[in-house]
Each structure stands twice: as C-alpha cells, then as structure tokens.
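Student: show me how the following folds:
(chains A and B, ligands or ions: 1)
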Amino acid sequence: MVEQSNPMSRRRLLSLIGMTAGTSVMYQAATSLGFAAESTYSGPPKLEGTPKGASVLILGAGVAGLSAAIELRKAGYKVQILEYREKAGGRSWTLRGGDSYTELGGFTQTVGFDAGNYINPGPWRIPYHHYAVLDYCKRLGVALEPFVQVNYNAFVHSTKAFGGTPQRYRTVEADFHGQVAELLAKATNQGALDQAVSKQDQEILLEALRDWGALEQDLSFKPGEISSTRRGFEKDPGGGLDGAPVPSKPVALSELLRSGLWRAIGIGHGYEFQTTLFQPVGGMDMIPQAMAREVKDVIRYNAKVTAIRQTGSGVTVSYVDARTGGTPQTASADWCLCTIPASVLSQIDKDVSPAMNAAINAIPYEASVKVGLQFKRRFWEQDESIYGGISYTDLPISVIGYPATNYGSTGKGVLLGAYCWGPYAYKLTAMSPEERVREVVGYGARIHPQYTAEFDTGVAVGWHRVPWTLGCFGHWTEETRAAHYKDLCAIDGRLLLAGEHVSYLPAWQEGAILSAMDAVTRLHQRVMAL
Amino acid sequence: MKTRIALPGAMLTVASLLLAGLLPLTGAQAQNTDVQSAKPATALAKPTPDDGEAIYTSICQGCHMPDAKGAKGAGTYPALAANHNLETAGYPITVVLQGQKAMPSFGPYLSDEQVAAVVNYVRSHFSNSYTDKVTVADVKIARPAAPH
Ligand SMILES: Cc1cc2nc3c(=O)[nH]c(=O)nc-3n(C[C@H](O)[C@H](O)[C@H](O)COP(=O)(O)OP(=O)(O)OC[C@H]3O[C@@H](n4cnc5c(N)ncnc54)[C@H](O)[C@@H]3O)c2cc1C
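Tutor: Numbers count the residues shown, from 1 in each chain, chains lettered A, B, ... in the order given. Modelled structure (predicted):
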C-alpha cells in the first residue's frame, strides 16, 4: 500500500494533473497516490445462527444471484432462483462454435467458430485484487490462466501518425520514457528544479532518470546498445560470426508527442489492468457454470419475471415462460433478493417504496459492442510474434485483443476484433450483426493486412440489443450516487437488490459479487433480529 | 454534472471531453470500468446536422429498431412508430436530451440542430404524421440548466 501523505497536497496535485492531461493519466495518478480502493472482500460472509426455515426467492442467475444463493443455502435458507435465460451466468457469458444467439429485433447469429475457440462478449479479465471472484474460482475449482493486458510487441496505431503504420508498443514506450527522462535530466542540470529538489536529491534523481529512461552515461537518449535494450534492436544479437547486434533508432520526441500514441501506453498502469490479470481457462462462463452446479436443483430457467408483490410477511413474484409466454405462474418466499439489471427492473410492475423506485429509474445503461473474429490461422502469432495482449488504435474499433491461450496452435484462431463504447458503440449496435462484422474486418485490415485473406467468420454483440440486460452496465455519476445509491441498497420491506449496479465497482463481476455478499449479510442480520 | 459545451453543429461526446481533460474526474468515476478502458472512438460518421434519418439509423435504431417498432425481451424497448406520446414535441425532445430510466441522455452527444432533426424525422415517419416542426430554439430551451 502507498503511504497516505498530506491529502490536501495530493488533491491539489491531482487537480493540476487533471487540468493538463487526460483522465487516463489522472486516473493513473490517483491510483499511484493511493485513492483507488481495492476490493473489501475478506472471505465469504459468516452467516451465523439458523434462519429457522426462512426462505429467499432470488431473481436472476448472474454471478450476483448465484453467489447469493450459494451463501444463503449454506446458512440454512430455503432458496429458489428464477432466471429469464435458458442458462446461468447473465453477462458472464461465453460464445462458442455452434452457439446460437438471437438479439432484440430477431437478428440471429450462429457462431461458426472451430471447437475450442470462443469469445467472451462481456467480462474477459479479472484483476488480481478482485478477491471475491478469485476466491470463488478457488473454492469451486475454476482453472485460471494469465490474461495478457500489456504486450510490448502488440501495436499502437494512429491513423494520423507515421503514415498510418502501426508502431510497436515497446518502441513508443521506450522512446517516450527515454526522451522525457532526458528532458528532465537537462532541466535538472540547468537548475530548473533547484527550488523543488535539493542538490543532494538531484544526484539521485539523475541516476534514477538514467535508469528509468535507459539513458547514456551523459544523460542522453540516443541510438545505441542502451536504448535498444528497451526498444529492441534493428538486428537482434545472434550467434556466431554475424552475431553482432545493430541498434535501432528512436523516434523524435516531437513526432511522438504529435502522434498521440502516448495515450495508448498508459492503460496497463491502471490499478484494474496491472499484471497479473486472469481469465478462466475455456471461457468466462466457467465461473457461473461452476456456481450453478452448486445450486442447480433450485434454478428455474426460462422464467421471465413480470411482477413483484409484497406484504408485511412475504413476497410473491409472477413469471411467465420466456419462450412461450402463457399463463403467469407465481413463486413465493419470505424474502426476495432481486439481481435483475435496473434497465429491466425499472419496467417490472413491483411494490417498492417511492425512494427505491426513483433509484431504480435513475440508472442509464451504457452502450458497448464486442466483435469476435475467427481467422484461418493465427497470423498475429505466426507473422508478427504477438502472443496475447491488446493493440490500441484510434480507429473506431478501439482495440484488437489477441487470445491469451493455446499459443502456437496451428488451426483457426479467434481474436477480439472490436471493443467499443460511446458513440461508435451506438452506431455499431444500430447495424445488423453481419454489417458490424464486415465493418470491423475492414477497419482491422488497416492494422493487420492479413485480415483480408484470412478472415473466416465472426460474431458481434451490441449490448443494448441483449434481450436480458438492455445495455452494458449501469452508469452512475457523483450526483446520482448522492441522490439515490443508499435507497437502492435499502431493505425495502421484504425485498432487497444486488448486482453490478448496486456497487462501487460498476461493470466488474467483483462489484456484482460484493453487492450480493453485502445483501445476504444484511438480510441475515434482519432475519436473526426478528 | 453533465457538462455541456456548446459548439454549434459539432459532434461532441462525453468521452472526447473526458479525454480532452475538460470534465473533472469525480470520486464516483474514479473506478475505471473494464469497458471504459478501451479508447472511446469519436469517429461516428458525422451526420450532417439536419439529417434526421442518418441520426436515427446510426443511433436510435439500435434499440428502437429499423422499423421503429421497438422490441421485447426480458424488458421492452417502446415503439416509436405510431406513438401518441410524440404528439407534443417537447416530450421526445426532453427524452432525447435527458434520457429516461435506462435510456442514456443524448444531450451531450448531439447538437441542438441534430436533436431537432431527429425528432422531426421520427415525428414525420413510421406512421407518425405530425406536421409542426421542432426548431433549434425549442431544443436550446429544453436543455437542462448549465452545471453549477
Ligand atoms: C462488455 C462488458 C465487458 C465487461 N468486462 C468485464 C471484465 O473484464 N471483468 C469483469 O469482472 N467484469 C466485466 N464486466 C462486468 C460484468 O459482466 C458484470 O458486472 C457482472 O457479470 C454482472 O453480474 P450481475 O449478476 O449483477 O448481473 P447479470 O449478469 O446481468 O445477471 C442478471 C440476470 O438477471 C436475468 N434477468 C433479467 N431480466 C429478468 C427477468 N425479467 N426475469 C428473470 N430474470 C431476468 C438475466 O438474464 C441475467 O441472467 C463486463 C460487462 C460487459 C457488458
């Protein structure tokens, strides 16, 4: 942990950074200064004492609903789950060859991937400090492997710089750090930092800059062995007679600054994106599948909740068959834990207080699109030595994510061809799935020309068209949190809510599980106090 | 705290404002979501301000569908086709600008011209035949007050 220094000066520093730099820089700074908090999880909740036959009806079988069911059952509650889909997991979802997916509007895609290939249209990475997610993986035996975030050999790309030619992450970072270090060293030697840094510390600073930036003895960053050990060689060191390396040449600072590519080298410094990250072997839905195995006898699938009624002593929920409609059926329990996304819940007929209703209605859902593309071969590995990781571009597709698994396999391979939010996500969502794939392949070919010859098949998920979430995640602002968050968390008669939207970690599985752990803990306290 | 910067005709995005460092990073946003780690692309093929159809097909139909008939799953997207709520033009203007329930606000994305254009388009297509036109001034007035 970073030591807490004077908060006033930290805050002032942050506001200064915020005035001159983008938020990613600001965010990194906030993180390195110790503002961004890690998960509060310290093991599954200890629900002590018997609930004396109390029952809980859980709505939604995403990771929030499933983890709540596991803990409540363990504590002795009678649990049932109603889930709209034909399977568990919600947004924690994997699409594999042979899967069929019909989005709102009736557009159906049948995934044409080869066996073993998959795409995670929702969550794909787990930070090492998402303790609750990782603890469930450990307890339920879900195998994890490293997710590669930063790949020094992946590309950073701007349509407006270097003639549109993608650059290697490695060279951009090395040249940016090297030349910033050189500048700072010059400023130090010219006395520009005399006010801020004591003479004695300046000596140490110079040494640190030399080390950090890969500077020469004379504090310059220039072509040579030293800079090449960061940015790579023009000719790598080899064996035998012709083994001598040829150093590479850094790009001029001005060109680098104007390229904007420095924007793309900071993301992996963010707290959520630091090494080590994980992914479940075989797809993200391995987590909900393992959870669902624990409670499989209490999940009713294809149950679309249409109304939630409560009295002073219990809850009755109406649901219809999600595929055929038909006559509503009911399920009753002493308590109800609802994890249905607020986007859908806001439309459900329900008995809740005006305050909770206002809170449910105050959460807009963000747009996001992910596109999975299968190619005839793993050309990114075979031609470009890119093993896992992410390329960043200012093209609308934003990123190309390479599979961090099965390296070196010779068959077809699947990569993430686009992951966008904001305006372009709306635009892609508004297209038919085939148009999305076509457009994304066209953009990607500007980074990997192999796309044109090697493209095989693709699948595109626009989150606003996902029938059971109507969006990607619930968007909070400081104002809406202040006005509504407490009301959203309240125990409202016999009902309480959990899920990604009931957390300070929106759009993370950790947030969904932590909200569920908090909900079952408070519910149990209430039950024990009766 | 939706900061809006009025540049007539310009397509501004919250994301681009964030990137430009124009919006403060607040406590509630200090958490980087997975989704937001991607660089937001601002390159929405810019519809000309008065092209309501282009705006409809590049944004609205994502949810309300190409035929404007909405859709139904676990929840519902309302039909805009033959929708009597469109009779009073102020209503769709407010919904587009400020959002409603899960629908995000498009005030930060769209200029006054663009909001007027898309509202006029929807009110005169898809079995809606309202003849009174919304003006840019109508939209300007309906914008939420500038942030403090
Ligand atoms: C594009 C994207 C990228 C993401 N990336 C990451 C990541 O890298 N790492 C990470 O940890 N998290 C990530 N997340 C966030 C993560 O997916 C969510 O936070 C988490 O899965 C939410 O779990 P939940 O149980 O709250 O909701 P959900 O998983 O949405 O579960 C809610 C359940 O309710 C059901 N339901 C809805 N309506 C009804 C109804 N009327 N009746 C009955 N049931 C209903 C749904 O079918 C669903 O199964 C990402 C999300 C998205 C969309």
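
Student: now do the phi/psi pair for the closest residue to residue A:489 other than its chain neighbours.
Tutor: Nearest in space to residue A:489, with sequence neighbours left out and distances taken as Cβ to Cβ, 6 or more residues apart in numbering or on different chains, is residue A:502 at 6.1 Å. Bear in mind the C-beta positions are built from the backbone N, C-alpha and C, glycine included. Per-residue torsions, residue A:502: phi -110, psi 50 (degrees, to the nearest 10).

Student: okay, now residue A:502: neighbour count?
Tutor: Applying other Cβ atoms under 10 Å in any protein chain shown, we find 26 residues neighbouring residue A:502.

Student: and the gap between it and the ligand?
Tutor: Per Cβ to the nearest ligand atom, to the nearest Å, residue A:502 is found 8 Å from the ligand.

Student: for that residue, give me its contacts.
Tutor: A:488-489, A:515, A:519 (Cβ atoms under 8 Å, 6 or more residues apart in numbering or on different chains).

Student: now do the contacts for the closest residue to chain A within chain B.
Tutor: In chain B, the residue that lies nearest chain A is residue B:73 (2.5 Å; Cβ to the nearest Cβ). Counting by Cβ under 8 Å, 6+ apart, residue B:73 touches A:84, A:104, A:466-468, A:470.

Student: residue A:212 too?
Tutor: Residue A:212 neighbours (Cβ under 8 Å, 6+ apart): A:177, A:181.

Student: chain B: strands as residue ranges?
Tutor: According to DSSP state E, chain B carries its strands in the segments B:71-72, B:76-77.

Student: out of these, which is closest to residue A:203?
Tutor: Nearest to residue A:203 among the strands of chain B is strand B:76-77 (65.0 Å), distances taken as Cβ to Cβ.

Student: just checking: what are the partner strands of that closest one?
Tutor: Neighbouring strands of strand B:76-77 in its sheet, by DSSP bridges, are strand B:71-72 (antiparallel).

Student: give me the contacts around the strand it pairs with.
Tutor: Residues contacting strand B:71-72 (Cβ under 8 Å, 6+ apart): A:104-106, A:465, A:467, B:63, B:65, B:77.

Student: the ligand contacts on chain B?
Tutor: When proximity is defined by Cβ under 6 Å from any ligand atom, chain B lies next to the ligand at B:34-35, B:74.

Student: go with 8 Å
Tutor: B:33-35, B:74-75 (Cβ under 8 Å from any ligand atom).

Student: which SS state does the nearest residue to residue A:299 once chain neighbours are set aside fall under?
Tutor: Sequence neighbours aside, residue A:81 is the residue nearest to residue A:299 in space, at 4.5 Å (criterion: Cβ to Cβ, 6+ apart). Secondary structure assignment for residue A:81 (DSSP: H, G, I helix; E, B strand; the rest coil): strand.

Student: surely residue A:81 meets residue A:58?
Tutor: Yes. Using Cβ atoms under 8 Å, residue A:81 is in contact with residue A:58, at 4.5 Å.

Student: and residue A:373, what element?
Tutor: Element membership of residue A:373 [criterion: DSSP states H and E] is strand A:368-375.

Student: helix or strand right after that strand?
Tutor: With secondary structure assigned by DSSP H and E, strand A:368-375 is succeeded by helix A:379-382.

Student: closest residue of the stretch 251-400 of chain A to the ligand?
Tutor: In the stretch 251-400 of chain A, the residue that lies nearest the ligand is residue A:305 (3.5 Å; Cβ to the nearest ligand atom).

Student: can you report how many residues lie near residue A:102?
Tutor: 13.

Student: list the contacts of the closest residue to residue A:345 other than its chain neighbours.
Tutor: Of all residues not flanking residue A:345 in the chain, residue A:360 sits nearest, at 5.5 Å (Cβ to Cβ, 6+ apart). Listed by Cβ under 8 Å, 6+ apart, the contact set of residue A:360 reads A:342, A:345-346, A:352, A:488, A:497.

Student: nearest to chain B among those?
Tutor: Relative to chain B, the closest of those is residue A:346; by Cβ to the nearest Cβ it sits at 4.4 Å.

Student: touching, that closest one and residue B:100? I think so.
Tutor: No. Counting by Cβ under 8 Å, residue B:100 is not a contact partner of residue A:346; they are 9.3 Å apart.

Student: which of those two has more neighbours?
Tutor: residue A:346 (22 against 15).

Student: and the longest helix along chain B, what does it pack against?
Tutor: Counting by DSSP state H, the longest helix found in chain B is helix B:112-123. With contacts defined as 3 or more Cβ pairs under 8 Å, 6 or more residues apart in numbering or on different chains; DSSP states H and E, helix B:112-123 has these neighbours: helix B:52-55, helix B:90-98, helix B:136-142.

Student: CA atoms only: put the shortest one into CSV for me.
Tutor: Listed next in CSV are the C-alpha coordinates belonging to helix B:52-55 (Å, rounded to 0.1, in the frame of the first residue of the first chain):
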residue,chain,number,x,y,z
GLY,B,52,-32.6,13.2,-39.1
GLU,B,53,-32.6,9.9,-40.9
ALA,B,54,-28.9,9.4,-40.6
ILE,B,55,-29.0,10.1,-36.9
